[in-house]
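K.L.:
The amino acid sequence is not available; the structure is as follows:
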């Protein structure tokens, strides 16, 4: 992998721990969303039983008692799933999804999401994700770290993940990033990546993006938010992880958390506590996405 911002592809094999892969062998995840109506659970269960699958767990939610939106996450076991998956997906699309006008995804739990992490100079979220991934706590395959600065290159090196430097502010920056990401990843994580992504980038990247930011928005926008928070005497410090949309920092929220602070905490304390919360919130959001626990419903998320 190049370090100088070249448009090398970022494919490659970064295997998950053997224990995680073996535990997930022949396990499938089916997520679906459609207009609510009677018979949905029965139709899905009958299809899976007819395919020879055993339902391990089933979680569902309807936004209203009648006339709402129905969402369901089903975990099932089917021997030989890797061989049967494509045909099963086609049959489900034709027999069930078309009938009920469903949006759905059918994935193998043993296949980790291919992930790229974008970062700038702050290291706390990036290194936490890499550390959790190395420990097997996050079910993902990190294809590359892409940064607009070189500051974190040596910190990333011990994790064996390619580090790609794509400087910001150049006319071809966005094209270089899209060349690296397009078709190569299933998720992009913005681990305190301090550049605004354009609507064109979001349209062409071809996968979801998850961002993390402190809880002071929109009150303390811009530089030195923790200093201004101290000046205002805030009592809570927190973080929000959300999917990225063209409207800055207003995408569907995945996870949030806070810690209580008081007059005894100085700016450095607030900054440290904020970083702790950001790490925890981002890692949970990424974990839930990689485990196919999230269904988007408009500008909201349902997390099973």
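P.N.:
Happy to help now that I have it. Just so it is clear, the structure is predicted and the values come from calculations on it, not from any experiment.

K.L.:
Mind jotting down where the strands sit in the chain?
P.N.:
Assigned by DSSP state E, the chain shows strands spanning 27-35, 54-62, 69-77, 103-108, 113-119, 140-147, 163-165, 187-190, 209-214, 236-243, 253-260, 294-297, 300-303.

K.L.:
dump the residue contacts of the closest residue in space to residue 253 that isn't next to it in sequence.
P.N.:
Spatial nearest neighbour of residue 253, chain neighbours left out: residue 242 (4.7 Å); criterion: C-beta to C-beta, 6 or more residues apart in numbering. For glycine as for every other residue, the C-beta is placed from the backbone atoms N, C-alpha and C. Neighbour list for residue 242: 210-211, 249-254, 285 [criterion: C-beta atoms under 8 Å, 6 or more residues apart in numbering].

K.L.:
how close does residue 242 sit to residue 303?
P.N.:
Applying C-beta to C-beta, to the nearest Å, the value for residue 242 to residue 303 is 12 Å.

K.L.:
what is in contact with these two at once?
P.N.:
Common neighbours of residue 242 and residue 303 (criterion: C-beta under 8 Å, 6+ apart): residue 254.

K.L.:
can you list the domains in this protein?
P.N.:
Listed by automatic domain parsing, the domain ranges of the chain are 18-108, 113-303.

K.L.:
Around residue 104, count how many other residues there are.
P.N.:
For residue 104, the neighbour count with other C-beta atoms under 10 Å is 18.

K.L.:
List the contacts of the nearest residue to it once chain neighbours are set aside.
P.N.:
Among residues not flanking residue 104 along the chain, residue 32 sits closest, at 4.1 Å (C-beta to C-beta, 6+ apart). Under the criterion of C-beta under 8 Å, 6+ apart, the neighbours of residue 32 are 44, 70-72, 97, 102-105.

K.L.:
what's the answer for residue 112, then?
P.N.:
When the contact criterion is C-beta under 8 Å, 6+ apart, the partners of residue 112 are 16, 139-141, 290.

K.L.:
ok, and the most crowded of the residues you listed?
P.N.:
Comparing the contacts of residue 112 by number of neighbours (other C-beta under 10 Å), residue 140 comes first, having 24 neighbours.

K.L.:
so how far is the helix ranked longest in the chain from its chain's centroid?
P.N.:
Taking DSSP state H as the criterion, the chain has its longest helix at helix 267-290. Taking C-alpha atoms, centre = their mean, to the nearest Å, the mean C-alpha location of helix 267-290 is offset from the chain mean by 14 Å.

K.L.:
Tell me which of the strands of the chain sits nearest to residue 130.
P.N.:
Residue 130 lies closest to strand 140-147 among these, at 6.8 Å (C-beta to C-beta).

K.L.:
how close does the residue nearest to residue 253 sit to residue 213?
P.N.:
When distance is defined by C-beta to C-beta, residue 242 is 8 Å away from residue 213.

K.L.:
Common neighbours of those two, please.
P.N.:
Common neighbours of residue 242 and residue 213, counting by C-beta under 8 Å, 6+ apart, are residue 249.

K.L.:
Residue 142 touches residue 133, doesn't it?
P.N.:
Yes: using C-beta atoms under 8 Å, residue 142 makes contact with residue 133 at a distance of 5.7 Å.

K.L.:
Give the residues shared as contacts by the two.
P.N.:
residue 159.

K.L.:
rewinding a little: tell me the buried residues in the longest helix of the chain?
P.N.:
Neighbour-count burial for helix 267-290, with 16 or more other C-beta atoms under 10 Å as criterion, is recorded at 270-271, 273-290.
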